[in-house]
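J.: Following is a predicted model, sequence given first.
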Amino acid sequence: MAVRERLFVVIPCAGMGKRAGSQLPKQYRIVAGRHLLYHTLAAFDACSELTQTLVVLARDDAHFDSRHFSGLRFAVRRCGGKSRQESVLNGLNALAEFGARADDWVLVHDAARAGIQPELIRLLIRAVRDDPVGGIMALPLADTLKRQAPALDAVAVPSAPLIMHTEARADLWLAQTPQMFRVGMLREALLRAQQEGHILTDEASAFERLGYAPKLVHGSLRNFKVTYPDDFEVIEAMLSHQKSSQKGDSS
Ligand SMILES: Nc1ccn([C@@H]2O[C@H](COP(=O)(O)OP(=O)(O)OP(=O)(O)O)[C@@H](O)[C@H]2O)c(=O)n1
Ligand SMILES: C[C@](O)(CO)[C@H](O)COP(=O)(O)O
């Protein structure tokens, strides 16, 4: 009988959250009564088909406290790098400690995408599991896309940027996470990009530059990346609502 490859998860969680504008890294901000990271991990914990979730923390992380995450299945390693790309690569290397093999799958998911839900994770797994390359959760672009004009000169900077032109939006998608690839192939692709000095902002790009075409799996707006100060109001409303409707379901 053929043995199915196992499914591992790497959660890069070593960022500073500079764009969120607070001292505390955003993954530790309290949202709907828990750390933002808790909500992300709870969604993966609810998927029993996942073998191991590994959270990649910054080496000097002074905020992580396992007591706030009791009841959730995951491991942490303090192997975060200077960039997300480096943190993911270090996390993939650390997966060997948990018995991950080159043919196993890994789902890489941003700690900051706390709106992820078990159904979305399963949707991606179902869509990608038989693919030779892998795939990512993404959303077709819904808005009109403008390219900003370069600032004319440093002295007379206008109060708002100006539009240079409108980009054609057909066939454009917004990449989200999870991004699901084979452990070995992803490690090799990221390593190669790093050695060749390419700065990548997601895992799929590491494959695209080698000529592969990963799958786009239609995700959900719920799974947005908490990035700017206003995003906290949105995620708070979403997760509080989810919590109260779950309470309602169980009473
Ligand atoms: N050196 C880094 C940088 C980012 N991340 C993680 O990658 C995910 C996506 O990155 P982003 O949203 O940009 O987070 P930050 O880097 O924390 O935010 P900012 O760019 O605003 O500082 C986050 O979960 C973040 O913790 C990481 O593990 N290691
Ligand atoms: C991986 C990602 O979430 C896909 O949209 C995104 O590229 C991460 O970018 P960031 O600048 O590290 O937040």
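T.: Nice, I can see it. Ligands and ions are numbered 1, 2, ... in the order given.
J.: what number of residues lie near residue 165?
T.: The tally of other residues near residue 165 (other CB atoms under 10 Å) stands at 9. Where you see a C-beta, it was placed from the backbone N, CA and C, and this is true even at glycine.
J.: Identify the residue nearest it in space, chain neighbours excluded?
T.: In space, and not counting its chain neighbours, residue 165 is closest to residue 147: 5.5 Å by CB to CB, 6 or more residues apart in numbering.
J.: SS state for that neighbour?
T.: Under DSSP: H, G, I helix; E, B strand; the rest coil, residue 147 falls in the strand class.
J.: Quick check: which ranges of the stretch 1-150 of the chain have low pLDDT?
T.: 1-3 (pLDDT under 70).
J.: Would you mind listing what in it touches ligand 1?
T.: With CB under 6 Å from any ligand atom as the criterion, the stretch 1-150 of the chain meets ligand 1 at residues 12-20, 27, 56, 80-84, 87, 110-112.
J.: Please spell out the PyMOL selection for the buried subset of these.
T.: In PyMOL syntax, the buried subset of these is picked out as below (16 or more other CB atoms under 10 Å):
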select buried, resi 12+13+14+15+17+20+27+56+80+81+83+84+87+110+111+112
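J.: Filter the residues of the stretch 1-150 of the chain next to ligand 1 down to the ones in strands?
T.: The strands, defined by DSSP state E, take in 12-13, 56 from those.
J.: in the stretch 101-250 of the chain, which spans are strands?
T.: Here the stretch 101-250 of the chain has its strands, by DSSP state E, counting those that start in this stretch, at 105-108, 134-140, 145-148, 163-167, 173-182, 215-218.
J.: Just say which of these is most tucked in.
T.: strand 105-108 (a mean of 26; mean count of other CB atoms under 10 Å).
J.: So what touches that strand?
T.: Contact partners of strand 105-108, identified using CB atoms under 8 Å, 6 or more residues apart in numbering, comprise 5-12, 50, 88, 91-92, 95, 100, 121, 124-125, 128-129, 134, 177-183, 186, 203.
J.: Spell out for me the ChimeraX command that would select the buried members of those.
T.: The buried subset of these, as determined by 16+ other CB under 10 Å, is captured in ChimeraX by this line:
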select :5,6,7,8,9,10,11,12,50,88,91,92,95,100,121,124,125,128,134,177,178,179,180,181,182,183,186,203
